[in-house]
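Peer 1: sharing a sequence plus its predicted fold:
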Amino acid sequence: MTPREWLVALVLVLPVVGVAAAAVMPRSLLTRAMTGIAVLTALAALALAAVALVEPTHRELGRWIVVDPAGGIILGVIAIVGLASALVSPQFLEARRESLFQASRADRIYWATLFAFW
């Protein structure tokens, strides 16, 4: 695989890692681990967005994905919004008083959902 293909793979795989980690991470490490995975996900997405913007004539980033400059802008915005959401999530989760889910599972479900839609 080329370096670009590895970058694309990271952008696609890191949110899946976040979903899986939310399910198995010890509760004491959950917030730190999810924030760390969010930072890595955002960095990978911003790097891919930069590649799309810096080299607009090279739209093919591998054999199976194409990102044009407009897609690079969208990817960068999604990375920034996703990272901002993840960084404010710990404060939101601490202040939350109610949930649709059991208290023991609510944080895990929140983080898994955040990464699933990222």
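Peer 2: Arrived safely.
Peer 1: buried residues in the helix or strand hosting Val17?
Peer 2: Per DSSP states H and E, Val17 falls inside helix 3-24. Residues of helix 3-24 classed as buried by neighbour count (16 or more other C-beta atoms under 10 Å): Arg4, Leu7, Val8, Leu10, Val11, Leu14, Pro15, Gly18, Val19, Ala21, Ala22. The way it works is simple: take the backbone N, C-alpha and C, and place the C-beta from them, glycine included.
Peer 1: contact partners of it?
Peer 2: 1, 30, 33-34, 37-38, 40-41, 44-45, 47-48, 51, 61-63, 65, 75, 108-109, 111-112, 114-116, 118 (C-beta atoms under 8 Å, 6 or more residues apart in numbering).
Peer 1: that one: how far from the chain's middle?
Peer 2: Computed by C-alpha atoms, centre = their mean, to the nearest Å, the separation of helix 3-24 from the middle of its chain amounts to 8 Å.
Peer 1: and for stretch 42-52?
Peer 2: That offset, for stretch 42-52, works out to 12 Å (C-alpha atoms, centre = their mean).
Peer 1: any idea which helix is longest in this protein?
Peer 2: For the chain, the helix with the greatest residue count under DSSP state H is helix 69-95.
Peer 1: list the buried residues in that helix.
Peer 2: Those would be Gly71, Gly72, Leu75, Gly76, Ile78, Ala79, Gly82, Leu83, Ala86, Ser89, Leu93, for helix 69-95 by 16+ other C-beta under 10 Å.
Peer 1: now render these as a markdown table, adding pLDDT and distance to Leu100.
Peer 2: Shown next, in a markdown table, are the buried residues of helix 69-95 (pLDDT from 0 to 100; distance: C-beta to C-beta, whole Å):
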| residue | pLDDT | distance to Leu100 |
| --- | --- | --- |
| Gly71 | 91 | 34 |
| Gly72 | 92 | 36 |
| Leu75 | 95 | 31 |
| Gly76 | 96 | 32 |
| Ile78 | 97 | 26 |
| Ala79 | 97 | 28 |
| Gly82 | 96 | 22 |
| Leu83 | 97 | 25 |
| Ala86 | 97 | 21 |
| Ser89 | 95 | 17 |
| Leu93 | 88 | 14 |
